[in-house]
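Chemist: model this:
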Amino acid sequence: TFVADYNLFMKFKFRKIDSIKLGPLEINLRTSDLTQATKFWTETLGGLTTSTGINVNEENSMQFSAVYACVNVIADQLASFPKNIFKRVDDRTRQKRSEHPLQYMLDREPNEFYSAFDFWHAIASSVLLWGNGFAKIKRSQGYEIISLEIIHPRNIIIHYGYVQDTLVLVYQVAGTNEFI
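Modeler: Numbering: from 1, shown residues only. You can find the predicted model right below:
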C-alpha cells in the first residue's frame, strides 16, 4: 500500500496534477471523471434505456418502488452497524478504542447536519447506486479532524498513476483544488 506524506498531499492541494515526483520516481497521473466514465459505459453498452425509450439512471431509478425499497433496506442495515475504532495489540488481537476522539464522530455525529445513521445511510446509498461513497475530512487549523462531509460521486475526479507497479489514486473534488 502506498501512503503519501503530508507535504506531498499539500503539494496536490495547490496545483493541477500531471505528475508526482517521489525521490527518483515520477508518477504520471491520468484523470478519470466518474460522470464521463458512466456516460461512456452507458453509451458503449447500448445505454440503460428501457424498451419504452426511457433512460434509467442512478437518480430516476429511485422512483421505482422496488429499487427504492432495496436500496433503503440495505442502506438501513449498513448504517445501523457499529462503527468502532480498534487498536491492533498483536497479530491476532484487537482492542476496542471507545475513548478515541474520532469514535463519537463515527458512531454519533459526523457533522452538524447529519446523525451518524443518516450519514452512513447516505454513504451506503451512494455506494449502492453509484458504486462509490465519498466523504471529505474537514480539519481544524491544527490539522485535527473536526467533521466528515458527504461528497456526491458525480463531483469526484480520480487521478491515478503507478509507483513501482503499485496503483496510486488521488481523489479531487470537481471544480476545486481540494483532495479527499
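Chemist: got a list of what the closest residue to H100 other than its chain neighbours touches?
Modeler: Leaving aside its sequence neighbours, H100 sits nearest to I85 (C-beta to C-beta, 6 or more residues apart in numbering; 4.5 Å). Quick note: C-beta positions are derived from backbone N, CA and C, even for glycine. By C-beta atoms under 8 Å, 6 or more residues apart in numbering, the contact set of I85 is K96, R97, S98, H100, L102, Q103, L106.
Chemist: and after the helix or strand where I158 lies, which helix or strand comes next?
Modeler: Secondary structure from DSSP states H and E places I158 in strand 156-163. For strand 156-163, the following helix or strand on the C-terminal side (DSSP H and E) is strand 166-173.
Chemist: chain center to that next one, what's the gap?
Modeler: With C-alpha atoms, centre = their mean, to the nearest Å as the basis, strand 166-173 stands 11 Å off its chain's centre.
Chemist: and if you look at stretch 170-180?
Modeler: With C-alpha atoms, centre = their mean, you get 11 Å for stretch 170-180.
Chemist: Repeat that for stretch 94-107.
Modeler: How far stretch 94-107 lies from its chain's middle: 21 Å, per C-alpha atoms, centre = their mean.
Chemist: Just the buried positions in that stretch, please.
Modeler: Neighbour counts over stretch 94-107 (16 or more other C-beta atoms under 10 Å) mark M105, L106, D107 as buried.
Chemist: Quick one: mean pLDDT for it?
Modeler: Here stretch 94-107 scores 90 as its mean pLDDT.
Chemist: about what we covered before: what about the buried residues of stretch 94-107, which are in strands?
Modeler: Among the buried residues of stretch 94-107, the subset assigned to strands under DSSP state E is empty.
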